[in-house]
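Student: sharing a model prediction with you, sequence too.
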Amino acid sequence: MGNRNKRTLYVYDCKISIHEEKYRKSKRFSELGHEYTKQNEAKTGQNGLDDKELENFRTHEYFLNIISTFNEPTTKKEHMKQLLLKLLVYQPPLRTSFYTSCLIAKDLKDNNGEDNYVYISRRGKGSANYIVNNDKVSNAKAYSMDKTLKKISLSQLATDSLIESVKKYPRKYLFETKSEEISQKTLLNWLRDITNTPKINIDMMRSSYVTWFHGENKEYASRSSLARKMRHSQSTASMNYNKILEGDITSTNIDCVETKQKLVISDLRVKELEEMISGYSKDKTDMKLFSKRRSDALYNLNVKKRIPRADTLKKYGIVQDKDKFIIQESPAIRAEPNSLEIK
């Protein structure tokens with residue numbers, strides 16, 4: 001049992017003892033609860049991981065690696081899971097309540113000043129903004145007086161993911177099941193399933209993002225800007241969310257990434273073989289899919305530095321030129337996908 005849970009238990013026992021007029025016991029429970037409170041505060045000040053985080057904390061790079069293995073989802077539920085992870089990784093994460101209540105605004109006039117929204121504009125290359133009217137800090141002085149803090153611009157990667165999502169599945173809520181807003185339990189189940197991490201939560205996603213961002217950005221101004229987007233203070237981010245990771249945590253995350261990648265790559269391989277058996281149709285849709293997979297293969301080889309498979313190189317007509325993999329222009333690569341052999 002972690003220190004935080006022990007503290008809660010001792011506080012509860014203290015209240016029960018007072019109720020039963022067992023004051024000597026209540027004093028002892030109060031002292032024990034206070035001791036664990038001090039231990040928690042000391043650990044927080046050291047930016048260490050608590051017991052639950054030690055088991056379930058994952059680095060920002062871990063999530064990016066999972067996203068890099070995504071294949072086109074075949075169901076709306078799987079699509080929602082992938083979108084959830086992308087919005088928690090490509091964009092500074094907000095609190096759980098935002099994602100379970102967020103509506104999709106077709107026009108800025110839809111904003112009633114009470115509900116939470118995401119507004120997407122398809123002008124130019126597209127843009128998107130979160131509009132936070134109701135969360136934990138909405139009534140705090142800083143956020144209630146400065147209305148500009150309600151509007152949070154999204155990164156281009158997050159925007160592109162949203163535009164694609166809403167186009168494929170027009171809907172009322174950002175995340176929904178059967179056209180109704182999603183529950184916190186379902187949201188967490190989706191997150192835990194897509195990350196293969198049994199007890200991860202949104203707070204850990206926020207912590208993971210802050211830890212990564214602070215490692216990449218040392219400037220006060222950059223960290224202050226991030227804190228505004230995450231709707232907390234920079235001191236809160238530095239004390240509660242930024243974590244100093246030990247070597248074991250990094251190793252564990254790498255191991256988890258490799259395991260996840262092997263499983264996903266294996267699944268993709270099976271699907272590829274099934275598609276080859278059934279035969280590719282010679283239309284533009286299949287050619288587009290073939291081109292996308294070829295681009296993904298190049299990305300994994302050149303950027304992710306994965307070990308190439310001989311059959312993958314042959315299938316997509318990829319050759320190594322010095323320290324880089326390129327597409328070899330040949331009759332084989334210009335042929336239709338179903339003419340390529342996979343052994």
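Tutor: Structure received. Residues are numbered from 1 along each chain as shown.
Student: for the closest residue to residue 197 other than its chain neighbours, give me the pLDDT.
Tutor: Distances taken as C-beta to C-beta, 6 or more residues apart in numbering put residue 56 closest to residue 197, at 5.3 Å, once the chain neighbours are dropped. In this view, the C-beta of every residue, glycine as well, is placed from N, C-alpha and C. Note for residue 56: predicted pLDDT of 85.
Student: what residue spans form the domains of this protein?
Tutor: 3-46, 59-65+74-247, 279-343 (automatic domain parsing).
Student: hang on, the earlier thing: measure how buried the residue nearest to residue 197 is and give me the count.
Tutor: The burial count assigned to residue 56 is 16, neighbours taken as other C-beta atoms under 10 Å.
Student: do the same with residue 140
Tutor: A count of nearby residues for residue 140, using other C-beta under 10 Å, gives 14.
Student: and if you look at the one 4 residues further on?
Tutor: Residue 144 has 12 neighbouring residues, counting by other C-beta under 10 Å.
Student: that one touches residue 134, doesn't it?
Tutor: No. Contact status for residue 144 versus residue 134: not in contact, 11.6 Å apart, counting by C-beta atoms under 8 Å.
Student: quick check: neighbours shared by these two?
Tutor: Here residue 144 and residue 134 share no contacting residue, scored by C-beta atoms under 8 Å, 6 or more residues apart in numbering.
Student: pLDDT at residue 248, what is it?
Tutor: 50.
Student: ok, and the closest non-adjacent residue to residue 102?
Tutor: residue 174 (4.0 Å).
Student: give me the neighbour count for that neighbour.
Tutor: If you count neighbours by other C-beta under 10 Å, residue 174 ends up with 25.
Student: list of residues touching stretch 81-90?
Tutor: Under C-beta under 8 Å, 6+ apart, the answer for stretch 81-90 is 60, 63-64, 66-67, 70, 73, 93, 99, 155, 157-158, 161-162, 165, 175, 187, 190-191, 193-195, 202, 205, 209.
Student: quick one, strands of the stretch 101-250 of the chain?
Tutor: With DSSP state E, counting those that start in this stretch, the ranges of strands along the stretch 101-250 of the chain come out as 103-105, 117-121, 127-131, 151-153, 176-177, 180-181.
Student: so which of these comes closest to residue 319?
Tutor: Nearest to residue 319 among the strands of the stretch 101-250 of the chain is strand 127-131 (39.5 Å), distances taken as C-beta to C-beta.
Student: next, the angle from the closest one to strand 117-121.
Tutor: If you take axes from the mean of the first three to the mean of the last three C-alpha atoms, to 10 degrees, strand 127-131 sits at 160 degrees to strand 117-121.
Student: report the buried residues of strand 127-131.
Tutor: By neighbour count on 16 or more other C-beta atoms under 10 Å, the buried set for strand 127-131 is 127-131.
Student: that one pairs with which strands, parallel or anti?
Tutor: According to DSSP bridges, strand 127-131 forms sheet pairs with strand 117-121 (antiparallel), strand 151-153 (antiparallel).
Student: list the contacts of the first one.
Tutor: Contacts to strand 117-121, defined as C-beta under 8 Å, 6+ apart, come from residues 102-105, 107-108, 110-111, 126-131, 133, 154, 159, 162-163, 166, 174.
Student: and that strand, average pLDDT?
Tutor: 96.
Student: same question, the last one
Tutor: In this model, strand 151-153 carries a mean pLDDT of 96.
Student: and residue 288, how close does it get to residue 295?
Tutor: 11 Å (C-beta to C-beta, to the nearest Å).
Student: which stretches of the stretch 101-250 of the chain form helices?
Tutor: 141-145, 156-168, 184-195, 202-216, 220-230, 234-236, 247-278 (DSSP state H, counting those that start in this stretch).
Student: just the CA trace of the fourth one, in CSV.
Tutor: Coordinates of each C-alpha in helix 202-216 appear next as CSV, following Å, rounded to 0.1, in the frame of the first residue of the first chain:
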residue,chain,number,x,y,z
ILE,A,202,-5.0,11.2,-17.2
ASP,A,203,-2.9,12.6,-14.4
MET,A,204,0.0,10.4,-15.4
MET,A,205,-0.5,11.4,-19.0
ARG,A,206,-0.2,15.1,-17.9
SER,A,207,2.8,14.2,-15.8
SER,A,208,4.5,12.4,-18.8
TYR,A,209,3.9,15.4,-21.1
VAL,A,210,5.3,17.9,-18.5
THR,A,211,8.3,15.7,-17.8
TRP,A,212,9.1,15.5,-21.5
PHE,A,213,8.5,19.2,-22.2
HIS,A,214,10.6,20.4,-19.3
GLY,A,215,13.4,18.2,-20.5
GLU,A,216,13.2,19.8,-23.9
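Student: and it, what's buried?
Tutor: 202, 204-214.
Student: with respect to residue 300, which of these is nearest?
Tutor: residue 212 (21.4 Å).
Student: so what's the closest one up against?
Tutor: By C-beta under 8 Å, 6+ apart, the contact set of residue 212 is 59-61.
Student: try it again with 10 Å
Tutor: 59-61, 63-64, 89, 242-243 (C-beta atoms under 10 Å, 6 or more residues apart in numbering).
Student: which two of these have the greatest separation?
Tutor: Within these, 64 and 242 form the most distant pair, 18.7 Å apart (C-beta to C-beta).
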